[in-house]
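J.: Quick one, what's the 3D model for this:
(chains A and B)
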Amino acid sequence: MRKALITLLCAAELLLFTGKTGLRHNYREVEQLLVIQTMGLDALRGGVTLSLAAAGEEDRGVARMRADGISISAAMDRIRGYSYEEELFCPHIGQLLLGEKAAEQGIESALAYISRSPDLRLDMPLFVVRGGTAADALMNVGTGEKGISDVMQIVEQDVKRRGESGLTTAAQILRDTARCGSALICALNPGPAAETLSGADEQKEASDDLSIAPLGYAILREGRLCRYLTEEQGIAVGFLKNRVGRSTVQLRDSHGNNAVLELNGGSCRIRPLWEGDVLRGLEIHADARASILELGGRSALKGAQDADYLTAQLEARLARYLSEALQASKDLKADYLCLAEQVERADPKAYRALGRDFVDLLPELELEITVSARLNQMSDMM
Amino acid sequence: MREQYNMRQLLSLGTVIALTPALRLFPARAAQLAGRAGWLAGLAALPLALGWAWAMARFLEAMQPGEQLPDLLLRLGGKGFGRPALCVFALWCLVYAGFVLRSGADRLVGTIYPGASPWLLSQLMGLTALMAALSTPRSLVRMGRMLLGLLLGVLLALLTAAFFSAAPDNLLPVGQPDLWPLIKAAPIPLDIVSGAGTALCMLAGGLKDRSRLFPALGLWSAGLCALLSLLSAAVIGVFGDALTAQLARPFFVLVRTLTFFRTLERVEALVVMLWIFPDFLITALFLWAGQYSLRLLCGYRPDTAQHARLDMGEGRFLIWVCGAAATVLSLFLGREPAALERWSAAFIPAGNLCMVFVFLPLVYLAGRRQKPDSGGTPSASRS
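T.: Residues are numbered from 1 along each chain as shown, chains lettered A, B, ... in the order given. Below is the predicted model of the structure:
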């Protein structure tokens, strides 16, 4: 009897202790929860604008909310207070969008909020809305049952396809900022949706609905947005971080016609160039593999010369992208690629004996960039 | 007295109770002190941990049949030093039990019960630990043995998942300049290993065979050092040293970020709940040792036999007093986050290291200086 009583007591205690699935004072039925999936932050004079969006549902569409506050928590409280929803459930927030102004003013407070919040995850990807606000993106992107959260899932897949380095998480930004002083953040570009709305008696070529797509990266120096990288420079980032995904490159073939190549693999080797104890520059060698997607009006290459010409064009183009991405780092004195780590890994002893901060050395470094590319056969045609 | 358990069971208990300080202290403090090389701090502490194992084995060789660690302290301390030493030991046990109750409650509040009061959680855990302390040490040891597989299995599964997201850049390169930071970080894993090891030695009196103590303790220390290195390699590998150093509970933050098979995520509540078991065992163990010491001090003759829980004979009411004292202490200890952090990062580890590396050697030396006929403590004459 006593054993049974003790067992019952222990079981009751465990139930009390079982957290999100147990008996708690704030227990809620799942039907009462509005699962927030996307969060947006914008700068406001003396505060922030917080936007939240849930995934679209068949019967009720997309729930979107926004409020201003002197802090993220104050804005969140305001949303909770004035919302029609019974309970906002934030542990499944999957993306954080930052308005351009907010990113320019600095994202430390957003990162600190993520780090401290028991709901949010440090591996949550962060995006900056290029030339716009996060609130606009959250309130306007999507149509009908599809909202920003649904679109962002597609964006994430797209970015991952382009290379594993594409998604920049809060943890990664915190780590890179602490380590290298700068970090990358994925940039989004809002634009009209490409969907064609079809009805019984009308067809529109393009709708007024807004969508959003990834467009390169932005550089954060000491947590502040200081420059955007183009989509092409983003390809170079993939190489420099040794995470090359799939992306297309537009070229001209030997006859002046358009040729579209798909990069489908590659790697990069970065080697410091020392002159005694002085770091003179960096030798960067990239290997790229690509296949032909389109070949201006023709179905096949006419010979080895055509292939060599295209390969040379690709090499030159990639070298330009790499040079631009690295030049941005030098111009801004922002080691957003964490090149310092590569130099340190190559020669830890010499790196420690540098005597100067790597970032201070960056503008003076010579860059020796070489690219070797090869075309591989990915279709039935040569 | 009937021997109760073997070395393997006792070391299982030691591994389980080491998991509490391991996750509280290790990855963040190691990253703070040794930076990127912090993951090697566990291995850096290995020689010192082996030294502790050798010294502890020598210390326990002095234990006579039927004695527990408090009996040994009283006997070795002799007439002049024995009772004060036992008093210090009992107080330390109560403070440590109170601290574990408080920090365990704080972990629950910080991870899955934000805004909740830690008081209720401390009291519930204190009550459960009291029930265990009222039982025999054998039940604690058996529970440790049963839980080891579950906890280690979960831990290794989490670490495996974490290594998939870890970046080698966060762990390497490590070179000669990292040696001094590593040496500075080594006391943290040493504190964990020697603290848990000394705690499990509180129950060494019930061992069936004490003949090969050093090899067993040495191997256990080496395994634990390797586990600590693995743990910090996973955390630092994922977050990098700078971010790890800033996080209060980096392991549980890591668990929050893990996704299994692209479907299962947010398992931190489950994992945090599992870590209640080490808290419970370590609190019960320290309560048991504390009450045993107090009863010895008050002139009672404590034993390790099974008694009815409400039996108050032979000073067993002191078990309830100890349980209440530890629980009350937990309510007043480190009430502000900064104060609790000081307790967690400074007072408790320092106290632990002092107990293991100053207090016990002093008692041992005091015992060595005694004449053979100057013993005659209650425990020595009892067996």
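J.: Identify the residues contacting B:L274.
T.: B:L150, B:L151, B:V154 (C-beta atoms under 8 Å, 6 or more residues apart in numbering or on different chains). (Glycine included, C-beta is placed from N, CA and C.)
J.: which regions of chain A lie under the pLDDT threshold?
T.: Scanning chain A for pLDDT under 70 picks out A:1-28, A:163-165, A:195-208, A:297-302, A:377-382.
J.: just the strands in chain A please.
T.: Along chain A, the segments classed as strands by DSSP state E run A:33-44, A:47-54, A:64-69, A:87-89, A:95-99, A:126-129, A:182-192, A:210-221, A:224-229, A:247-252, A:258-275, A:278-295, A:366-375.
J.: okay, those strands in TSV with distance to A:R162 and mean neighbour count next?
T.: Converted to TSV, the strands of chain A look like this (distance: least, C-beta to C-beta, whole Å; neighbours: other C-beta atoms under 10 Å in any protein chain shown):
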stretch	distance to A:R162	mean neighbour count
strand A:33-44	21	22
strand A:47-54	24	24
strand A:64-69	28	19
strand A:87-89	31	17
strand A:95-99	17	25
strand A:126-129	14	26
strand A:182-192	10	21
strand A:210-221	7	22
strand A:224-229	13	19
strand A:247-252	5	17
strand A:258-275	9	17
strand A:278-295	14	18
strand A:366-375	18	16
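J.: Just put those strands in JSON lines and tack on distance to chain B.
T.: Shown next, in JSON lines, are the strands of chain A (distance: least, C-beta to the nearest C-beta, whole Å):
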{"stretch": "strand A:33-44", "distance to chain B": "12"}
{"stretch": "strand A:47-54", "distance to chain B": "17"}
{"stretch": "strand A:64-69", "distance to chain B": "19"}
{"stretch": "strand A:87-89", "distance to chain B": "11"}
{"stretch": "strand A:95-99", "distance to chain B": "14"}
{"stretch": "strand A:126-129", "distance to chain B": "14"}
{"stretch": "strand A:182-192", "distance to chain B": "12"}
{"stretch": "strand A:210-221", "distance to chain B": "15"}
{"stretch": "strand A:224-229", "distance to chain B": "18"}
{"stretch": "strand A:247-252", "distance to chain B": "23"}
{"stretch": "strand A:258-275", "distance to chain B": "12"}
{"stretch": "strand A:278-295", "distance to chain B": "16"}
{"stretch": "strand A:366-375", "distance to chain B": "21"}
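J.: ok so, going back, closest one of the contacts of B:L274 to chain A?
T.: Taking C-beta to the nearest C-beta as the measure, B:L150 is the one of these closest to chain A, at 14.2 Å.
J.: What residue, apart from its backbone neighbours, is nearest the closest one spatially?
T.: B:L274 (7.2 Å; C-beta to C-beta, 6 or more residues apart in numbering or on different chains).
J.: now do B:C322
T.: B:Q291 (4.3 Å).
J.: same deal with A:I270?
T.: Spatially, and ignoring its direct neighbours in sequence, A:I270 is nearest to A:Q342 (4.5 Å; C-beta to C-beta, 6+ apart).
J.: quick one: the one you found and A:L279 touch, right?
T.: No. With contact defined as C-beta atoms under 8 Å, A:Q342 does not count as touching A:L279 (11.6 Å).
J.: Spit out the residues that contact these two alike.
T.: Common neighbours of A:Q342 and A:L279 (C-beta under 8 Å, 6+ apart) are A:P272.
J.: thinking B:R210 is in contact with B:P65, fair?
T.: No. The criterion here is C-beta under 8 Å, and B:R210 misses it with B:P65 at 9.3 Å.
J.: Give me the more crowded residue out of the two.
T.: Legend: neighbour count by other C-beta atoms under 10 Å in any protein chain shown for B:R210 and B:P65, higher for B:R210 (16 against 9).
J.: Write out the residues of chain B neighbouring chain A.
T.: Within chain B, the residues that sit near chain A (C-beta under 8 Å from any C-beta of the partner chain) are B:108, B:110-114, B:121, B:124, B:128, B:131, B:165, B:169-170, B:172-173, B:175-177, B:238-240, B:242-243, B:246-247, B:253, B:256-257, B:266, B:269-270, B:272-273, B:276, B:309.
J.: Output the longest helix belonging to the chain.
T.: The chain I'm using is chain A. Ordering each helix of chain A by length in residues (DSSP state H) puts helix A:304-332 first.
J.: my bad, chain B
T.: Of all the elements of type helix in chain B, the one with the most residues (DSSP H) is helix B:69-111.
J.: Which residues outside the helix or strand that it is followed by are in contact with it?
T.: As assigned by DSSP states H and E, the chain's next helix or strand after helix B:69-111 is helix B:118-133. If you take C-beta under 8 Å, 6+ apart as the criterion, helix B:118-133 is touched by A:6, A:10, A:13, A:16-17, B:97, B:101-102, B:104-106, B:108-109, B:113, B:139-140, B:143, B:276, B:279-281, B:283-284, B:287-288, B:291, B:309, B:319-320, B:322-324, B:326-327, B:330-331.
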